[in-house]
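**Student:** Give me coordinates for this.
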Amino acid sequence: MVYVKISVVITRDIECDCTTRYNGLSHEAVFQRRFNPEIDELYVDNPADILDALGCCGALKLKSRNAEGEVTLDEGSHVVAIDSACSSNGNEPVRSAYGVYLGDTTPRSVSKLVDEDLPQTTQVAELVRVVLRMAEQVLDAYTERGGNDENDKDAPRISKILIITNSAYVVDGFSDWIYKWKENGFKTSTGKPVVNAEMFRELDTLISKFNQFHIPVWFWQVEKEFNKLADALARMPLFGEQKVPALVQFIRDYKKFPKKC
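**Tutor:** Now for the predicted structure:
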C-alpha cells in the first residue's frame, strides 16, 4: 500500500458555541458531514471552480478568496477522491479493489485489492477507512508533539478533510443514515443488521475524533464524470493499466501555487 503524508493542525479545544468559528468555519460547518460546495463563493457548477493543486506534488487543495480578494489555496485542506470496483471473470471468485486519488502528479495515490479475508462487498467502506486511518496516524503523532508551531509558516497543517466520491452509499451513509443506525442499534428500517456496521461504527468514531479538534470531515458526491481518475485507480488491480484522466481537467496550473510540499 502507498501511504499519503497528511499533516495536522489543531485549534484550541473549547466548548462548542454555534456563534464561534473554528478554522474559519461555523460550528455547523464543522459538524456537517455532507459537503456543500456553495459555501465557497468561487463555486459555480464544476469541482474545478474550487479545486487546484500544489506546484511541487500536485496535491489537491481547496481554493478560496482571501480578505484582499486574491484567490489562494487553503494549504490546510486535504482533498482525496475515492472509488471502488469489483469483477467476476467466469468461474473466478469475485474480487474487489479501491482507488484513492490525491492529485495529478503526486505518487502517493492508492490502487489496491481488498484483502481476501475481508468480505468483497466492503470495498467502499474499506477505502474510506484507508483514507481516515492515514490521517489518524499523523493526528496522533501531532497531538503528542503538543500542537502546531504558529511561528513556523512552512509547517504542514490540516484544517479540513474533503472526500470526493460518486457513491451515494458513502455520502448518505456517513452524512445521514449513520445517525438513525446508531439510534436503532445499527439495524435497518426492516430490522436487519446494517451491512458493514463495524466499519461504519469505527469510522464514525474516527470522524468524531477529528471534529473534537474542530477539523471537519466532509463527503462530496459528484457526478461520475468528475471521478474518472479514482475509478481508473480502482480498476487497475483488476483489469491492468487504465487510461488515467484528471479528476478535473482544468487543474493544471501548478506554477500558480508553488508551495513547497
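**Student:** Distance of Val222 relative to Ala53?
**Tutor:** Distance, Val222 to Ala53, by C-beta to C-beta, to the nearest Å: 17 Å. (Glycine included, C-beta is placed from N, CA and C.)
**Student:** Between the two, which is the more surrounded one?
**Tutor:** The residue with more neighbours, out of Val222 and Ala53, is Ala53; 28 against 19, by other C-beta atoms under 10 Å.
**Student:** where does that one fall, phi/psi-wise?
**Tutor:** Dihedral pair for Ala53: phi -140, psi 150, per degrees, to the nearest 10.
**Student:** My understanding was that it contacts Tyr101; is that so?
**Tutor:** No - Ala53 lies out of contact with Tyr101 (C-beta atoms under 8 Å); the separation is 11.6 Å.
**Student:** dump the residue contacts of Phe31.
**Tutor:** Applying C-beta atoms under 8 Å, 6 or more residues apart in numbering, we find Phe31 in contact with Asn211, Pro216.
**Student:** how close does it sit to Ser208?
**Tutor:** The gap separating Phe31 from Ser208 is 9 Å, by C-beta to C-beta.
**Student:** If we go by neighbour counts, what in the top strand by length along the chain is buried?
**Tutor:** Using DSSP state E, we find that the single longest strand of the chain is strand 77-87. Across strand 77-87, burial judged by 16 or more other C-beta atoms under 10 Å covers Ser77, His78, Val79, Val80, Ala81, Ile82, Asp83, Ser84, Ala85, Cys86.
**Student:** could I get these as JSON lines with pLDDT and distance to Ser26?
**Tutor:** Putting the buried residues of strand 77-87 into JSON lines (pLDDT from 0 to 100; distance: C-beta to C-beta, whole Å) gives the following:
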{"residue": "Ser77", "pLDDT": "86", "distance to Ser26": "16"}
{"residue": "His78", "pLDDT": "84", "distance to Ser26": "20"}
{"residue": "Val79", "pLDDT": "88", "distance to Ser26": "20"}
{"residue": "Val80", "pLDDT": "87", "distance to Ser26": "24"}
{"residue": "Ala81", "pLDDT": "88", "distance to Ser26": "26"}
{"residue": "Ile82", "pLDDT": "88", "distance to Ser26": "26"}
{"residue": "Asp83", "pLDDT": "87", "distance to Ser26": "30"}
{"residue": "Ser84", "pLDDT": "85", "distance to Ser26": "32"}
{"residue": "Ala85", "pLDDT": "84", "distance to Ser26": "37"}
{"residue": "Cys86", "pLDDT": "82", "distance to Ser26": "39"}
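**Student:** May I see the residues you listed organised as TSV, with distance to Lys187 added?
**Tutor:** As requested, those are exported to TSV (distance: C-beta to C-beta, whole Å):
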residue	distance to Lys187
Ser77	36
His78	34
Val79	34
Val80	31
Ala81	32
Ile82	27
Asp83	28
Ser84	25
Ala85	29
Cys86	26
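**Student:** between those, which is nearest Val71?
**Tutor:** Taking C-beta to C-beta as the measure, Val71 lies nearest Ser77 of the buried residues of strand 77-87, at 13.9 Å.
**Student:** can you list residues touching both of Phe31 and Ser208?
**Tutor:** Common contacts of Phe31 and Ser208 (C-beta under 8 Å, 6+ apart): none found.
**Student:** residue boundaries of the helices in the stretch 101-250 of the chain?
**Tutor:** Here the stretch 101-250 of the chain has its helices, by DSSP state H, counting those that start in this stretch, at 123-145, 168-172, 178-183, 197-212, 228-239.
**Student:** Select from those helices the stretch with the lowest mean pLDDT.
**Tutor:** Here the lowest mean pLDDT among the helices of the stretch 101-250 of the chain goes to helix 123-145, at a mean of 63.
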